[in-house]
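Asks: return atomic coordinates for the entry below.
(2 chains)
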There are 2 protein chains.
Amino acid sequence: MITGEQKKLLNDIHSKIMEYLDNHKIKPTSTIEEIKSDMDISIGNSSDFGQIRNLVDQYLDHSVKTNSTQFYNQLFSGFSVTGYIGELISTITNNSMYTYEMSPVATLLEMELIEKMSALVGYEKGGGTFVPGGSSGNFLAMLAARQHSAPEIMRSGMFGDSSMTAFVSRDCHYSMVKSANQLGIGTNNIIKVDVDSSGRMIPAALDQAIQISMHNGSKPFFVGATAGTTVRGCFDPIEEISIVCKKYNIWLHVDASWGGAALLSSQHKDLLLGSKYSDSFAWCAHKAMAQPLMCTVTLFNNPNILFEINDVEGTEYLFHDGDTKEPDLGKQSLQCGRRADALKLWLTWKYFGDAGYEKKIDHLFEMAKYAEQKVKKSKILKHVSEVFYLNICFQIHPDGIGHSQVGRFTVAVRDELFKNAHAMVNYTEVEGRECMRLITANYELKKEHLDQLFLDIESTADKLLPDFT
Amino acid sequence: MITGEQKKLLNDIHSKIMEYLDNHKIKPTSTIEEIKSDMDISIGNSSDFGQIRNLVDQYLDHSVKTNSTQFYNQLFSGFSVTGYIGELISTITNNSMYTYEMSPVATLLEMELIEKMSALVGYEKGGGTFVPGGSSGNFLAMLAARQHSAPEIMRSGMFGDSSMTAFVSRDCHYSMVKSANQLGIGTNNIIKVDVDSSGRMIPAALDQAIQISMHNGSKPFFVGATAGTTVRGCFDPIEEISIVCKKYNIWLHVDASWGGAALLSSQHKDLLLGSKYSDSFAWCAHKAMAQPLMCTVTLFNNPNILFEINDVEGTEYLFHDGDTKEPDLGKQSLQCGRRADALKLWLTWKYFGDAGYEKKIDHLFEMAKYAEQKVKKSKILKHVSEVFYLNICFQIHPDGIGHSQVGRFTVAVRDELFKNAHAMVNYTEVEGRECMRLITANYELKKEHLDQLFLDIESTADKLLPDFT
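Replies: Predicted coordinates for the structure are as follows:
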């Protein structure tokens, strides 16, 4: 039972959220000093509900509005009504995913999603689990590959073994390197394979790297292809890579944290051609599938490996086998307590249906292509990478800016855009060139938003030009 | 901008949630068949908002009401208004914790909490990070210990090293064993140290186990004490264990996922005496601190180790150093994208203040003591373990039930209680004896709720007795 005062507070917060959702203008940066002078962040004294209300206002005021159509900064953007509702209901029920008994409906929904997504990847009897993000997903896949290749490590450790090597592209996500550290493989044993000019791993180079590694006495056990690289959004040629993996009998993982959503589109799913030949597949629905953080699955062609790596002693207090046939998902998860991340994605998928989701994804591709055209038509913008997916990388290079200054100028325009609350777009390097990395992941994005963005970029560039020349 | 139809849906869901919070009656179990016949869980076709509303109703109907005062089944229970609000605002803003720029306020709040909680542990210049749960927290601590003991592993892997051993008590959480697998240590190199009759690790036995391990040529690198064991809720003697660790220069971790909350109480914090001598400390606020899942911190006496283990290549696209002095918390986290779990805990702490939180924790202790008294006074209940914290373990053993049947009878009563929606209480084994494990983690719990529970237990036992005799 909740009290009248609590109800009033919850009603107020609900109204606040509704107002917040009505206003998509991105917020300007606040400095640490500005936040601290506006908001008492110290802990110790108690507050009444009026103060809690104010603190929520202050939090909203100083946070980035990632639901804004002006937010192009990360591999996510926007707001999903059903995703939000899913999160509310997960929170209010607070069922934990370890046992069916504790989480009956969420267990069934997670299983339904895993089956659906496995089928999209092309696995015939696939399985998997939700994990706390893409980094965790890649880690889990590499752990499974290590287990597959050297199952004795689970009990006796890696001591005295000959070294093992993992292969990824130069453009892979850094979680691959982190995973090698965590697993005791060592970051030096992550071999970065060359990419072609658009950023795709070169299968022949992979083949050669594997041979060199074997020649040096190391045991190749893992290849990580990337489907949607973080910077350029390009897709490694999975099918060709799978042939190399098969030749040497090496586990093939696809890090589709970012690009997995392309599987929803019949027009674009061929970007992931060959994914059915992989052994594992990581896919974040909180990226191009409009879910709130976190919502990631890791899928396995043969899910038995998950039970194997999670088969440890001391779980009797939690898993009561008896004669029930109920599925306890905790038996295939590295986490013990786990939030029901499945609900939000399931509700959203129920709402859109397959066809609706496909339309949304196709729309994001169209927006990326439109942005690419804007770059190509602009006199001051130079694209630095072909657009395959939702990443548009370009430099701002008006007349009067020398080649050595263009990177710094691009970043200055980017910072100024954010400072003036025009838009938030990230910057990064592509082959040594500093550039903007624009992401079109917001389902509400329209051509006119992009038109406005490019106008803002050009006028900001004009404004800053005198300082640089 | 949201549409009128979306607003209406969100208003309806809000009303639904307010109703849900007004009714604390725990739900009976639903079978898989019952759920599937009531609810179309298949994905493919689209649904309208009316159908989404119904699906939410069905989800609520078939989920366990963990906010109920009848829910004693897990190491959490109840509902926190401020925790819930924090989750709503985290979801709606969807700021990700990797960079200050992306998550300005949440970054400052996380830092404030880490500082506060480190000080409570007794660390002078402590630091740490939020992680996706207690298992992740223990894993991170063991990784840090491995790094501390053998920093070369990070780059070159564990190959060819002599074996390393970790020490925990027989009653530790299974995530310790899982961590050893993940880290390449091997589960056989987790040495389980004997506990005394109440379940506390015996320091002399630890000392001896370390000596044996060294004698066998292994390198002890990690001791994990448990503060609040999962089953019995007992606390390893941290101070005495720390003396052993110091003697051999071994990393001391405290798994206080469950028991950390005792630090909030001046009356009870001595259960964790000596925690200031530890190197790391895991603490789940989603357990006895009434936060929704997940809300865990891992604290470090010397937080530099976090930067060390997360110092990998390929992060330039995300962390832009330049000349800013802004803290990017992603540099000390294994996760890349990360939800703002800090907000909910921070809002709750602001609301209660230190004194308010202390009162809540003291109340939970009182409820546990009261339940223990009920067990001791009952003619049919036999307590199987001393109560130190919020776990009460007991068997149901009325006249007419033989010693060989008491475990099975206890479980039968437990299942019947849940089936009839009286209460949900877990069962487990303590030294080979099957027993109920009652948890008093709900801030709304009152003596009359426990009175009713024990009446229900006794009447259910009466009812089932004829089937067993």
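
Asks: do you know how far the residue of the stretch 251-400 of chain A found nearest chain B is from residue A:343?
Replies: Nearest residue of the stretch 251-400 of chain A to chain B: residue A:353, at 3.1 Å (Cβ to the nearest Cβ). Where C-beta positions appear, they are placed from N, C-alpha and C, glycine not excepted. Shown here: residue A:353 relative to residue A:343, a distance of 17 Å by Cβ to Cβ, to the nearest Å.

Asks: go on, residue A:13?
Replies: Taken as Cβ to Cβ, the spacing of residue A:13 relative to residue A:343 amounts to 21 Å.

Asks: higher neighbour count, those two?
Replies: When residue A:13 is set against residue A:343 and neighbours are counted by other Cβ atoms under 10 Å in any protein chain shown, the residue ahead is residue A:343, at 30 against 21.

Asks: tell me who's in contact with the more buried one.
Replies: The neighbours of residue A:343, taking Cβ atoms under 8 Å, 6 or more residues apart in numbering or on different chains as the test, are A:86, A:87, A:89, A:90, A:106, A:109, B:59.

Asks: spatially nearest residue to it, not counting backbone neighbours?
Replies: Taking Cβ to Cβ, 6 or more residues apart in numbering or on different chains, and ignoring the residues beside it in sequence, residue A:343 has residue A:86 as its nearest neighbour in space, at 4.3 Å.

Asks: next one: the one you found from residue A:351, what distance?
Replies: Taking Cβ to Cβ, one finds residue A:86 at 10 Å from residue A:351.

Asks: again, but for residue A:453
Replies: Taken as Cβ to Cβ, the span from residue A:453 to residue A:351 is 28 Å.

Asks: now swap in residue A:40 and tell me
Replies: Between residue A:40 and residue A:351 the distance, using Cβ to Cβ, works out to 40 Å.

Asks: quick check: neighbours of the strand or helix carrying residue A:166 in the sheet, parallel or antiparallel?
Replies: Following DSSP states H and E, the helix or strand that holds residue A:166 is strand A:164-169. The strands that strand A:164-169 pairs with in its sheet are strand A:190-193 (parallel), strand A:219-226 (parallel) (by DSSP bridges).

Asks: do stretch A:429-440 and chain B come into contact?
Replies: Yes - between stretch A:429-440 and chain B, judged by Cβ under 8 Å from any Cβ of the partner chain, the touching residues are A:429, A:437.

Asks: what do you get for stretch A:131-151?
Replies: Yes - under the criterion of Cβ under 8 Å from any Cβ, stretch A:131-151 makes contact with chain B via A:132, A:133, A:134, A:135, A:136, A:139, A:143, A:146.

Asks: ok, which stretches of chain A are helices?
Replies: Ranges of helices in chain A, per DSSP state H, are A:4-21, A:32-38, A:49-62, A:81-93, A:104-121, A:134-149, A:153-156, A:175-182, A:203-215, A:238-248, A:304-309, A:342-377, A:406-419, A:447-468.

Asks: okay if I get these as TSV plus mean pLDDT?
Replies: Compiled in TSV, the helices of chain A are given as follows (pLDDT from 0 to 100):
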stretch	mean pLDDT
helix A:4-21	96
helix A:32-38	94
helix A:49-62	96
helix A:81-93	98
helix A:104-121	98
helix A:134-149	98
helix A:153-156	95
helix A:175-182	98
helix A:203-215	98
helix A:238-248	98
helix A:304-309	97
helix A:342-377	98
helix A:406-419	96
helix A:447-468	97
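
Asks: excluding covalently adjacent residues, which one is nearest to residue A:362?
Replies: In space, not counting the residues next to it along the chain, residue A:362 is nearest to residue A:265; the distance is 5.3 Å by Cβ to Cβ, 6+ apart.

Asks: that neighbour touches residue A:361, doesn't it?
Replies: Yes - between residue A:265 and residue A:361 a contact is recorded at 4.6 Å, counting by Cβ atoms under 8 Å.

Asks: of the two, who's got more company?
Replies: Using other Cβ under 10 Å, the more surrounded residue of residue A:265 and residue A:361 is residue A:361, with 23 against 19.

Asks: contacts only, for that one.
Replies: Contacts were defined as Cβ under 8 Å, 6+ apart; by that measure residue A:361 touches A:261, A:262, A:264, A:265, A:268, A:288.

Asks: same check on residue A:151?
Replies: Under the criterion of Cβ under 8 Å, 6+ apart, the contact list for residue A:151 reads residue A:308.

Asks: now do the same for it: its pLDDT.
Replies: pLDDT, the model's per-residue confidence, is 97 for residue A:151.

Asks: and what of residue A:324?
Replies: Note on residue A:324: pLDDT of 65.

Asks: ok, now residue A:125?
Replies: Note on residue A:125: pLDDT of 96.

Asks: tell me how many other residues crowd it.
Replies: Residue A:125 is surrounded by 11 other residues when neighbours are defined as other Cβ under 10 Å.

Asks: quick one, what contacts it?
Replies: Contacts of residue A:125 by Cβ under 8 Å, 6+ apart are A:302, A:303.

Asks: try residue A:60
Replies: The contact partners of residue A:60, by Cβ under 8 Å, 6+ apart, come to A:16, A:20, B:89, B:93.

Asks: correct me, but the residue of the stretch 251-400 of chain A closest to chain B touches residue B:47?
Replies: Yes - Residue A:353 sits in contact with residue B:47 when judged by Cβ under 8 Å, with a separation of 7.3 Å.

Asks: the two: which has the busier surroundings?
Replies: Set residue A:353 next to residue B:47 and count neighbours by other Cβ under 10 Å: residue B:47 wins out with 19 against 15.

Asks: sounds good, over and out.
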